[in-house]
Each structure stands twice: as structure tokens, then as C-alpha cells.
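> build me a structure from this.
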Amino acid sequence: MKEHNRIFPPKWATQLLTWYCKPELLEDLQGDLTEYFERNVKSKGVKKAKLIYIIDVLNFFRLYTIRKPAFINLFINYVMIGSYIKTSGRSIVRNKLFSFINIVGLAVSMSVGLVLIGVLSDILSYDRFHVNRDKVYRLISRYEYLGDKGNSFMATTSLRAARHVQENFAGVEEVAMLRSMQGDFKFNEKTIPLNGFWANPALFEVFTFQLLKGNPSTALNEPFSLVLTETAASKLFGNEEALGKSIVYNDKAYTITGIAKDVPFFSHIKFEMLGSFNTLEIIEKED
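Numbering: from 1, shown residues only. Purely as a prediction, here's the structure:
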């Protein structure tokens, strides 16, 4: 009840004090004025107490209590920057050779640093889109002749080694096998050169290459089946539906069993088409 009947100083005078007073002085000054106001209310009445409070707020409007306007700080910063520029310019003119060496050295070092950042960013961006990238390992080989082992490794190996790993190593979930494939592909009167790989169905399990049409589990199962990327399908068939159609490669007909989304730019595996690995085995037997 007492709190409800409490008398407060004039609101506009308090707001004026808050507006002009420095933040570090405001709390103490406002507390003292409020305490003095409450004593005056009891001893001199409400009207006189409010008048005295207003006069005190105006009296404290002095240089040491007034906060600096924001534009003054900006002006001071502008003047200081201008002074720094003039001082630097004079120093450069007086020490031309020394300044030239410093400026060129700084420019070269910054350029090299930016190039290195760009190269590292580019390298670390590759193959990040694969869901299982942390579990994928590449099998490599080293040439050996008459017991002499070479010092360099090759990012290739034999198909026999791939099958051996799949059959005899515990913990291996899938093994994707790839072999280079390229040549001219024909559809009616149109012939288009394409590059890609012979691949087994596990490719779509190990790597995240999205199929827009077709089933990734069966697209490379049957012999003479072929998966094209969007761009390759557009080159051969235009706006026609490519899935299920047949094209000719090395005088043999291949059925389109899938349309894959174009390979992302940051992928070290690039292809326009994928042929079934079972096809390669049949062709090698015929030869």
C-alpha cells in the first residue's frame, strides 16, 4: 500500500538526466537526487520537492557530466586516420627503397598465402558429398620385379586382389570395382564419344552417386546394361526418354538401365557412363 502511494520525481526531468549524463556517473547521481527528493517530500512538500529536483537536474548539466555525442568520436577517429595517412605517406617518400621492399614483400607474401588457402580449400573439398566417405578405402599396389620393390605406389590394382579382399577380409562390407571404359556410342544416326568405367553394383553402395531414374541395386547387375549421366543422355537422346532404350558400343547393343545425376565438380571419380562389369567378363571370354 505504501509503494502504491509513493511519490516519484518528474519523469521528464529524470529522462533529461539520463540523456545528458555520462553512463559512469548516472547511477550514483540519480540515486543521490532521488534520495534528496524523498527527504524534501517529507520536509517541504511534494511541489517544492519536485521543483528542487528539476533545479538540481539542470544544475548538474556541466562539462564533466555531459556525455560526448557519437559524432564527436567519429570526427576524432576521422582526424586520427587522416593524421596516420599523412605520416605514413611522408615516411614512404623519405624512405623510398625501404618502403618499396616492404610493400612488395607484403604483397607477395599475402598473395602466396591466399593461393595456399585456395589450394588447400580446393583439395579438402573433394569427395565430401559421399555419405560413407569416412569408411571408404582405396586399394593401391606397388610394382615388384625379381624381389626388387619399387618406392612408388600406384592407385590401381588387379581385379583378383579386389575379389580376394571381398572374400577373405572380415569387416569389408562392399567392394567397388572400376575399370576405364571409353569409346563411341551410337543411337540411330547419332554418334557420341563418352568416357566412364566398367563397374559392379557395389559402386552405388560405396559411393553416393545419385540415380535419378532406375534402381541403383540392379542397374549394373545384368550384362550389357549401361547407366548414363543426365548430360550424356541429353547428348544421345535429346528430350526423349532414355531409360530402357538401346545404344551400340563396339558393335554390341547395350540397354540403358539408369540415369545418374551429373557427377559433382569436386569428385575425383569422373564419368559420363557406367557399364556392367559382367559385360566385361563376357567380352573378355569371347576374345
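> surely residue 16 is in contact with residue 56?
No. The criterion here is Cβ atoms under 8 Å, and residue 16 misses it with residue 56 at 11.4 Å. Any C-beta I mention is one placed from the backbone N, CA and C, and that applies to glycine too.
> between those two, which has more neighbouring residues?
A side-by-side neighbour count of residue 16 and residue 56, using other Cβ atoms under 10 Å, places residue 56 first with 18 against 15.
> can you tell me the element that one falls in?
helix 46-59 (DSSP states H and E).
> same question for residue 170.
Under DSSP H and E, no helix or strand contains residue 170.
> let me know the pLDDT of it.
For residue 170, the pLDDT comes out at 83.
> residue 159 - nearest residue in space that isn't next to it in sequence?
Nearest residue to residue 159 in three dimensions, chain neighbours excluded: residue 177, at 6.2 Å (Cβ to Cβ, 6 or more residues apart in numbering).
> quick one, phi/psi of the one you found?
phi -110, psi 130 (degrees, to the nearest 10).
> contacting residues for it?
Applying Cβ atoms under 8 Å, 6 or more residues apart in numbering, we find residue 177 in contact with 159, 162, 198, 199, 200, 202, 277.
> pick the one among those closest to residue 251.
Distance ranking of the contacts of residue 177 against residue 251, using Cβ to Cβ, places residue 198 first at 17.1 Å.
> assumed residue 248 was part of a strand.
Yes. Per DSSP: H, G, I helix; E, B strand; the rest coil, residue 248 lies within a strand segment.
> who does the residue nearest to it when sequence neighbours are not counted bridge with?
Closest residue in space to residue 248, ignoring its immediate chain neighbours: residue 186 at 4.3 Å, by Cβ to Cβ, 6+ apart. Beta-bridge pairing for residue 186 (DSSP bridges): residue 191, residue 248.
> thinking again about what came up before, packing partners of the helix holding residue 56?
Contact analysis of helix 46-59 by 3 or more Cβ pairs under 8 Å, 6 or more residues apart in numbering; DSSP states H and E lists helix 11-20, helix 23-44 as its packing neighbours.
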